[in-house]
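Enquirer: Quick check, what structure comes out for this input:
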Amino acid sequence: MRILFHCIAIVFLSLTYHVAPAQILFSEQAAALGCSGSSFGNGTLGGGISFFDFDNDGWDDITVSSEEGQPVRFYKNTEGTFTQVDLGIPDHMGEIKSVVWVDFDNDGDYDLYTSSNSDGRALYENDGALNFTDITVAAGLYSDQLHDWGASWGDYNNDGWLDLFQTSRHDGDASFHNKLYENNGDGTFTNVTSQSGLIEDIYMSFCASFFDYNNDGWQDIYIADDRPQFANLMYRNNGDGTYTEVGNSTGTDAAINAMSTAIGDYDSDGWFDIYVTNTPEGNVFYRNNGNNTFTDVAPSNGTLMETVAWGAVYLDADNDGNLDLYVSSSWTNPDVALTSAFYRNDGTGNYSIPENAGFENDDAVSFSNAIGDIDNDGYPDMVVLNFAPDDIYVWKNECPTLYNWIKVKLEGTESNRQGIGSVIEISVNGEKQYNYTLCGEGYLGQNSSYEFFGINDAESIDYIKVTWLSGIVDVLENPDINSHITILEGSTLGLETPDSSYFSLYPNPTSGILQLRGPKHLNTIKATISDGQGRVLISKTMDAQSGSLDMTGFSEGLYFVTLQNGSVTEVQKVILK
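Expert: Sure, this is the predicted structure:
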């Protein structure tokens, strides 16, 4: 097990500490960077866009959905410029909504899932060499439902396999409802909507996000519902395979024309907040109070917007350590209402639209958006999906002040391979930031597989802490700044035996045989080995001075060893490599 480092050289403009806020500057470069001919078309209420490295070469690519009769388009990133490529995917040419790259089978490559409101959904399996096979029917995901919209992937039962939550926007037939599909881990899915306690009724749902609003280690689901008669839904994960709808008690049941669900921790308090777009009545910015309730702070923090808003995405545009916010709109007349909005976070949680940030001509009919990194410089760029005749916007980040940063990608072993549902915490001079890993978010969007952290003028990071859905916690101290880092689950555990430990287990990590040594006055001890799901694999009474546990044949990963003698019980973590 190891940590993989891919450091990108970076030129420092200055070694002095900056006092004044950095200038934020973006420029639209779709044509210059090779993305001409990339409009969505004129389909129903737009489609999705992905800014995700689909060929796993370290450069964020772009995937663009399409109106009916047009194919999904793929733009490969080659060291900062894009070329449209044919991936040989058997496109159904229906009107596509979500385009999400997901490693549903944990094999290390990315498969493609698309949803449609006119031609059904599709799952294309990648064989590892970018050869794709339509396995929708074989996987149990086929449906003649023609009102699919947003797709979000998460692990609702913490079994290490990504499950699918598919929204439906339909107002005439209750059979067209939102659906949850459990990943069986064998290439197939089971519809568990009913048994999981989700409401099987019409809600005209645009989009949803898996995230953990109460920090209990289980993924909840938040849903944006179109039309005021269908309040937004918050499903609390009960940890037993079921959900309870708690929109009213959490204060998140907005009854608006809700479009998107953007998730981020704008105030760096460790509790994840929600931004929901709306029509001119105003957007909703739900601050997570950390006590199972939320408060709408949009009217007071400057993000009400009051236009026809769609996609929203959090990003730290200038890497100053504060989460900014970009919101797309289908409004085109700037004399009447905002045609888009870039909101800068001043560090206190209040937002304003800065001057001369480059968005003066951002007035296309726009829907989905996403962030990625065009040239791997550590500064987040944006893509926006537009109606014809406008191509997509590719907003290149050209902030002139070079603050420091780090980008973190995850590779799960016990958890799902993409590390979706993990909380990444960094500490910079004792100040914390938190990112939550999602797969399908905003309005039909998908962001880069890397999580971006800006650290301002700081020249070091205290640590990176990753809390995985498995319960494993990795801590990497003093990582290299201005670098791209991939953290493998279980590779940076603090495995030293605590000073107060009663029993000693070694070697740890182990290749198979684990030795035990207890206090000299003990003769025997009961030892139990469990996996991350709590399943008991070994239980035996053994010699307390020279006993051993044979883990040969077990899968690599994290295990828990419970050692007991009389009233003394200890649980220690062990890694099998």
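
Enquirer: What ranges in the stretch 101-250 of the chain fall below the confidence cut-off?
Expert: Within the stretch 101-250 of the chain, the stretches falling below the threshold (pLDDT under 70) are 145, 174.

Enquirer: can you do 80?
Expert: 144-146, 171-175 (pLDDT under 80).

Enquirer: what about the strands in it?
Expert: Ranges of strands in the stretch 101-250 of the chain, per DSSP state E, counting those that start in this stretch, are 111-116, 122-126, 132-134, 148-154, 163-168, 179-183, 189-191, 205-211, 220-225, 233-237, 243-245.

Enquirer: same check, this time on the stretch 351-500 of the chain
Expert: Listed in chain order, the strands of the stretch 351-500 of the chain (DSSP E, counting those that start in this stretch) span residues 351-352, 366-372, 381-386, 393-397, 404-411, 423-428, 431-436, 445-446, 451-456, 463-467, 473-477, 483-488.

Enquirer: Now tabulate those strands in JSON lines and tack on mean neighbour count, distance to residue 155 and mean pLDDT.
Expert: (C-beta placed from N, C-alpha, C; glycine too.) Written out in JSON lines, the entries for the strands of the stretch 351-500 of the chain read as follows (neighbours: other Cβ atoms under 10 Å; distance: least, Cβ to Cβ, whole Å; pLDDT from 0 to 100):
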{"stretch": "strand 351-352", "mean neighbour count": "18", "distance to residue 155": "32", "mean pLDDT": "98"}
{"stretch": "strand 366-372", "mean neighbour count": "28", "distance to residue 155": "22", "mean pLDDT": "98"}
{"stretch": "strand 381-386", "mean neighbour count": "27", "distance to residue 155": "27", "mean pLDDT": "98"}
{"stretch": "strand 393-397", "mean neighbour count": "24", "distance to residue 155": "32", "mean pLDDT": "98"}
{"stretch": "strand 404-411", "mean neighbour count": "22", "distance to residue 155": "13", "mean pLDDT": "97"}
{"stretch": "strand 423-428", "mean neighbour count": "20", "distance to residue 155": "14", "mean pLDDT": "96"}
{"stretch": "strand 431-436", "mean neighbour count": "18", "distance to residue 155": "13", "mean pLDDT": "97"}
{"stretch": "strand 445-446", "mean neighbour count": "31", "distance to residue 155": "17", "mean pLDDT": "98"}
{"stretch": "strand 451-456", "mean neighbour count": "23", "distance to residue 155": "17", "mean pLDDT": "98"}
{"stretch": "strand 463-467", "mean neighbour count": "20", "distance to residue 155": "14", "mean pLDDT": "93"}
{"stretch": "strand 473-477", "mean neighbour count": "16", "distance to residue 155": "17", "mean pLDDT": "89"}
{"stretch": "strand 483-488", "mean neighbour count": "20", "distance to residue 155": "18", "mean pLDDT": "94"}
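
Enquirer: Roughly how far does residue 372 sit from residue 50?
Expert: As defined by Cβ to Cβ, to the nearest Å, residue 372 lies at a distance of 9 Å from residue 50.

Enquirer: okay, and the common contacts of these two?
Expert: Common neighbours of residue 372 and residue 50 (criterion: Cβ atoms under 8 Å, 6 or more residues apart in numbering): residue 62.

Enquirer: Distance of the most centrally placed residue in the chain relative to residue 124?
Expert: Of all residues in the chain, the one closest to the mean position by Cα atoms, centre = their mean is residue 438, 1.5 Å from it. In this structure, residue 438 and residue 124 are separated by 21 Å, where distance is defined by Cβ to Cβ.

Enquirer: ditto for residue 203
Expert: If you measure residue 203 against residue 124 using Cβ to Cβ, the figure is 28 Å.

Enquirer: what's the nearest residue to residue 259 once chain neighbours are set aside in contact with, if anything?
Expert: When the adjacent residues along the chain are set aside, residue 259 lies closest to residue 277, with 4.3 Å between them (Cβ to Cβ, 6 or more residues apart in numbering). Neighbouring residues of residue 277 by Cβ under 8 Å, 6+ apart: 224, 258-260, 283, 305, 309-312, 327, 443.

Enquirer: one more time with 6 Å, if that's ok
Expert: 259-260, 283, 309-310, 312 (Cβ atoms under 6 Å, 6 or more residues apart in numbering).

Enquirer: For those residues, which two are the farthest from each other?
Expert: 283 and 310 (10.5 Å; Cβ to Cβ).

Enquirer: the helices in the chain, which residues?
Expert: Taking DSSP state H as the criterion, the chain carries its helices at 247-250, 298-301.

Enquirer: Now do the last one, average pLDDT.
Expert: Put plainly, it is helix 298-301. Along helix 298-301, the predicted local confidence has a mean pLDDT of 98.

Enquirer: So which other helices or strands are in contact with that helix?
Expert: The criterion is 3 or more Cβ pairs under 6 Å, 6 or more residues apart in numbering; DSSP states H and E, and there are no helices or strands that helix 298-301 contacts.

Enquirer: And that helix, how far out from the chain middle?
Expert: In terms of Cα atoms, centre = their mean, to the nearest Å, the centre of helix 298-301 is found 25 Å from the chain centre.

Enquirer: thinking again about what came up before, out of residue 203 and residue 124, which sits in the more crowded spot?
Expert: Per other Cβ atoms under 10 Å, whichever of residue 203 and residue 124 has more neighbours is residue 203, with 24 against 21.

Enquirer: Verify the stated contact: that one with residue 231.
Expert: No - under the contact definition of Cβ atoms under 6 Å, residue 203 does not touch residue 231, with a separation of 8.6 Å.

Enquirer: can you redo the strands of the stretch 351-500 of the chain as JSON lines with distance to residue 317?
Expert: Formatted as JSON lines, these follow (distance: least, Cβ to Cβ, whole Å):
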{"stretch": "strand 351-352", "distance to residue 317": "12"}
{"stretch": "strand 366-372", "distance to residue 317": "9"}
{"stretch": "strand 381-386", "distance to residue 317": "9"}
{"stretch": "strand 393-397", "distance to residue 317": "6"}
{"stretch": "strand 404-411", "distance to residue 317": "11"}
{"stretch": "strand 423-428", "distance to residue 317": "18"}
{"stretch": "strand 431-436", "distance to residue 317": "15"}
{"stretch": "strand 445-446", "distance to residue 317": "17"}
{"stretch": "strand 451-456", "distance to residue 317": "9"}
{"stretch": "strand 463-467", "distance to residue 317": "21"}
{"stretch": "strand 473-477", "distance to residue 317": "26"}
{"stretch": "strand 483-488", "distance to residue 317": "19"}
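
Enquirer: Return stretch 387-398 as CSV; C-alpha atoms alone will do.
Expert: This file holds the C-alpha atoms of stretch 387-398, laid out as CSV (Å, rounded to 0.1, in the frame of the first residue of the first chain):
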residue,chain,number,x,y,z
PHE,A,387,-28.6,26.1,-25.6
ALA,A,388,-28.0,26.6,-29.3
PRO,A,389,-26.6,28.6,-31.0
ASP,A,390,-24.1,29.0,-28.1
ASP,A,391,-21.5,26.3,-27.6
ILE,A,392,-20.6,25.3,-24.1
TYR,A,393,-18.7,27.9,-22.1
VAL,A,394,-15.2,26.9,-21.0
TRP,A,395,-14.3,29.4,-18.3
LYS,A,396,-10.5,29.3,-17.9
ASN,A,397,-9.3,30.5,-14.5
GLU,A,398,-6.8,33.2,-14.9
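
Enquirer: Please renumber the chain so that the first residue is 151 from this point on.
Expert: Taking 151 as the first residue, the last one we looked at is stretch 537-548.

Enquirer: quick check, distance from that stretch to the centre of its chain.
Expert: A distance of 23 Å separates the C-alpha centroid of stretch 537-548 from that of its chain, computed with Cα atoms, centre = their mean.

Enquirer: Repeat that for stretch 207-217.
Expert: The chain centroid and the centroid of stretch 207-217 are separated by 16 Å under Cα atoms, centre = their mean.

Enquirer: Kindly report the same for stretch 603-616.
Expert: 20 Å.

Enquirer: quick one: terminal-to-terminal distance for it?
Expert: 14 Å (Cα to Cα, to the nearest Å).
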